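Asker: structural data only, the sequence is not supplied:
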């Protein structure tokens, strides 16, 4: 990874296209940095020859600046952009921040200019942020290299949360909301068109940045999936939570992302999979992203377990939290017998439980609230301790003794995250946060934040390093796959179990094949141009004798001619009828961002209706293949449902691994694989149908 120090911590900044008007785009960065007390040199540059800009000596060209320049902010029209970049590079500037828009996001000519600028920067050993970037800021040194309007009304404070987004508007919304909530920010950057520096590289930088403890990221698309994987893993190994928002999940959203940034949104399921494999949590709203980041930043990391303890002075709040915890999958284990005895001795009128309703009578007991919390934590492994205090935080003098006791409790139990649920004055809340105590008003939001943090802790225990795919060298190239018969033959050569079958071009050959494999048999139309045979009635099951086979041969040819008149027909496949076993689907999707992705599900044709599937990056290990199977909601069917025999998991796991290895070996050519169904039996399993598509192949649609 490149050193982005001159981007985030420059000692000197030139504004090329600087304006004397602090309201204009070219004037805002200078004004913001002056107001924030930037701890470095500022050099306004404007071709007009004006002597002074906003109180600073101005220069006609960056080449006229007397000292070294670490970073240049470029705010010029597209027509002047190439010359400005060339001058900056001649000056020796190492980080260029380009606000200018109208490049790759507009047309091919803009894309060509953008590529040329990147090549110029790389040749000079420089990096470029943008173009079409809103900029970046680092509050700790007063660096506000941005034209965002958020800073007209607020100034973010320094803190532990880093933010990297593609979209400037998304970023401004996120850090604006964070600032209003009093959250401190370390580094914030909007990457724009990502001609050079992208969100992945910024995440990797923040993973090594000592000022950043939690990272928030906003992604629309990604050009290098492996770089994103490596950045997320670097953050996970550094112990830094990453909360990601990926927009473009719907077809409409994906199209909007492509138009806005000139990048492809990629497959949304693949992004979900990669985030999970690399230990990142995907938030669905900006509020949730900030809640999880806040929880992690204040608590000092991720909870030791997902188990929670809840103490309230209100039964209703306890019920609400129990419902929400159940919905989120957060366990609320009962208090230990020793804790129950301690609670009963302290508060005889209350029932020891979790949630624990101390009732308002707890206030009549000296230090009753914190002593009850201490009792609940006896002999426990709770990762988070909640206490509901209503509006006590609105009265600092009444809260003071409780606050002192809470701080002592937090120090005594550093392995547990402490969360107070109450209305409070901002300064009181900030004081608790400085001592590692999380403060929420809404119990449900607090639980969702904990759930996100706990999910990341779980994911970190099973991080997956996916090696970069090597260029296809010794692996033989695949010939065009004509249809199911050829697809199965290829898979059989890779070790996937395929039943004996015969491709027949005449009724007589079909009868001979049926007698060879044994009745009853299955007959299927064989054509590379008919991807989904069941949709045209191209599969006939349970044929009992020679007459049925002859009739089936004629019927299948007639149906193919009726529904797909242009289809090339190879013949009819005859195979044994497999009666028992559980139908599953095994697939490979060649994702344009992340490469081959494995898919697994149950249900044969119904899988498309219920979408009960799991994804994983290829290649698989046996352990990951087994986790993938267990991630499917209907996996209980494989264990022996209502007296049926359990499926052969060893065969299923072995098959998943072999398919994944085949996919990786042929990643350059492969578009996708569908094995549907793969029938798992009590002993062994069979690939009963398969479709392999290469990048240049497009099956005909039924017509």
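Answerer: Structure received. A quick note: this is a predicted structure, and the numbers were derived from the prediction, not measured.
Asker: do you know the pLDDT at residue 527?
Answerer: pLDDT, residue 527: 88.
Asker: i'd like the first residue to be 478 from this point on
Answerer: Okay, using 478 as the starting number, the last item reads as residue 1004.
Asker: next one: it from residue 1089, what distance?
Answerer: 29 Å (CB to CB, to the nearest Å). Where you see a C-beta, it was placed from the backbone N, CA and C, and this is true even at glycine.
Asker: the more surrounded of the two?
Answerer: Between residue 1004 and residue 1089, counted using other CB atoms under 10 Å, residue 1004 has the larger neighbour count: 23 against 16.
Asker: am I right that that one is in contact with residue 1047?
Answerer: Yes: the pair residue 1004 / residue 1047 is scored as a contact, 6.1 Å apart, by CB atoms under 8 Å.
Asker: need the residues touching each of these two.
Answerer: Counting by CB atoms under 8 Å, 6 or more residues apart in numbering, the common neighbours of residue 1004 and residue 1047 are residue 960.
Asker: low-scoring stretches of the protein, by residue?
Answerer: Along the chain, segments meeting pLDDT under 70 span 478, 726-744, 946-952, 959, 1081-1087, 1174-1180.
Asker: mind running it again at 50?
Answerer: 729, 731-743, 1175-1180 (pLDDT under 50).
Asker: any idea how it splits into domains?
Answerer: 478-614, 633-776, 779-931, 977-1053, 1059-1171 (automatic domain parsing).
Asker: quick one: closest of those domains to residue 953.
Answerer: Closest of the domains of the chain to residue 953 is domain 1059-1171, at 9.0 Å (criterion: CB to CB).
Asker: can you give me phi and psi for residue 685?
Answerer: phi -100, psi 0 (degrees, to the nearest 10).
Asker: and it, what is it in contact with?
Answerer: 711, 715.
Asker: what about residue 1151, is that helix, strand or coil?
Answerer: strand (DSSP: H, G, I helix; E, B strand; the rest coil).
Asker: roughly how far out does the helix or strand hosting residue 896 sit from the chain middle?
Answerer: According to DSSP states H and E, residue 896 maps onto strand 894-901. Offset of strand 894-901 from its chain centre (CA atoms, centre = their mean, to the nearest Å): 29 Å.
Asker: counting contacts, what elements does that strand pack onto?
Answerer: Under the contact criterion of 3 or more CB pairs under 8 Å, 6 or more residues apart in numbering; DSSP states H and E, strand 894-901 touches helix 763-776, strand 861-870, helix 873-889, strand 914-917, helix 920-937.
Asker: which other helices and strands does the longest one contact?
Answerer: In terms of contact count using 3+ CB pairs under 8 Å, 6+ apart, helix 920-937 is assigned the packing partners strand 758-759, helix 763-776, helix 792-805, strand 861-870, strand 894-901, strand 914-917.
Asker: as JSON lines, the domains of the chain with distance to residue 956 would be great.
Answerer: Converted to JSON lines, the domains of the chain look like this (distance: least, CB to CB, whole Å):
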{"stretch": "domain 478-614", "distance to residue 956": "35"}
{"stretch": "domain 633-776", "distance to residue 956": "27"}
{"stretch": "domain 779-931", "distance to residue 956": "48"}
{"stretch": "domain 977-1053", "distance to residue 956": "12"}
{"stretch": "domain 1059-1171", "distance to residue 956": "9"}
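Asker: and these, which is most packed in?
Answerer: domain 633-776 (a mean of 22; mean count of other CB atoms under 10 Å).
Asker: rewinding a little: which one of the helices and strands packed on helix 920-937 lies nearest to residue 631?
Answerer: helix 763-776 (15.1 Å).
Asker: okay but residue 869 is in contact with residue 899, surely?
Answerer: Yes: between residue 869 and residue 899 there is a contact under CB under 8 Å: 5.5 Å.
Asker: just to revisit the earlier point, the strand holding residue 896 pairs with which strands, and in what direction?
Answerer: The partner list of strand 894-901 in its sheet, established with DSSP bridges, is strand 861-870 (parallel), strand 914-917 (parallel).
Asker: now those strands in CSV, with distance to residue 669?
Answerer: Below are the strands paired with strand 894-901 laid out as CSV (distance: least, CB to CB, whole Å):
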stretch, distance to residue 669
strand 861-870, 38
strand 914-917, 34
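Asker: to residue 833, which of these lies closest?
Answerer: strand 861-870 (9.7 Å).
Asker: and the angle from the closest one to helix 763-776?
Answerer: Relative orientation of strand 861-870 versus helix 763-776 (axes from the mean of the first three to the mean of the last three CA atoms, to 10 degrees): 100 degrees.
Asker: give me the residues contacting strand 861-870.
Answerer: 780, 784-791, 794-795, 798, 846, 850, 853-854, 875-876, 879, 883, 890, 893-902, 905-906, 916, 920, 923, 927.
Asker: what about stretch 1126-1144, distance to the chain center?
Answerer: 24 Å.
Asker: now swap in stretch 985-1002 and tell me
Answerer: 48 Å.
Asker: next: stretch 699-711.
Answerer: Here the centre of stretch 699-711 is set off from its chain's centre by 11 Å, with CA atoms, centre = their mean.
Asker: and if you look at stretch 827-844?
Answerer: Counting by CA atoms, centre = their mean, stretch 827-844 comes out at 41 Å from the chain centroid.
Asker: dump the residue contacts of residue 676.
Answerer: 641, 642, 643, 668, 694, 695, 696, 699, 705.
Asker: that should have said residue 484, apologies.
Answerer: The neighbours of residue 484, taking CB under 8 Å, 6+ apart as the test, are 548, 572, 574, 604, 606, 613, 666, 674.
Asker: partners of the residue nearest to residue 785 when sequence neighbours are not counted in the sheet?
Answerer: Closest residue to residue 785 apart from its sequence neighbours, by CB to CB, 6 or more residues apart in numbering: residue 861 at 4.6 Å. Beta bridges link residue 861 to residue 785, residue 894, judged by DSSP bridges.
Asker: now do residue 1078
Answerer: As for beta bridges, residue 1078 partners with residue 1062, residue 1090 under DSSP bridges.
Asker: against residue 1124, how distant is it?
Answerer: From residue 1078 across to residue 1124, the span is 14 Å (CB to CB).
Asker: repeat that for residue 961.
Answerer: Per CB to CB, residue 961 is found 24 Å from residue 1124.
Asker: thought residue 920 was touching residue 802?
Answerer: No: contact criterion CB under 8 Å: residue 920 and residue 802 do not qualify, at 9.7 Å.
Asker: who's in contact with the closest residue in space to residue 617 that isn't next to it in sequence?
Answerer: Once flanking residues are discounted, residue 617 sits nearest to residue 635: 4.3 Å by CB to CB, 6+ apart. Applying CB under 8 Å, 6+ apart, we find residue 635 in contact with 616, 617, 661, 662, 663, 688.
Asker: okay if I get those residues as TSV plus secondary structure?
Answerer: TSV is the format used below for these (three-state DSSP):
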residue	secondary structure
616	helix
617	helix
661	coil
662	strand
663	strand
688	coil
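Asker: contacts for stretch 547-557?
Answerer: So stretch 547-557 is in contact with 483-484, 487-496, 502-503, 506, 517, 539, 558, 561-562, 565, 568, 570-577, 579-580, 587, 590, 612, 622, 624, going by CB under 8 Å, 6+ apart.
Asker: inside strands: which ones of the residues you listed?
Answerer: Judged by DSSP state E, strands contain the following of those: 489, 490, 491, 492, 493, 572, 573, 574, 575, 612, 622.
Asker: off-centre distance for stretch 794-805?
Answerer: Counting by CA atoms, centre = their mean, stretch 794-805 is centred 26 Å from the centre of its parent chain.
Asker: name the residues that touch it?
Answerer: 785, 787, 789, 808-809, 832-834, 863, 865, 898, 920-921, 924-925, 928.
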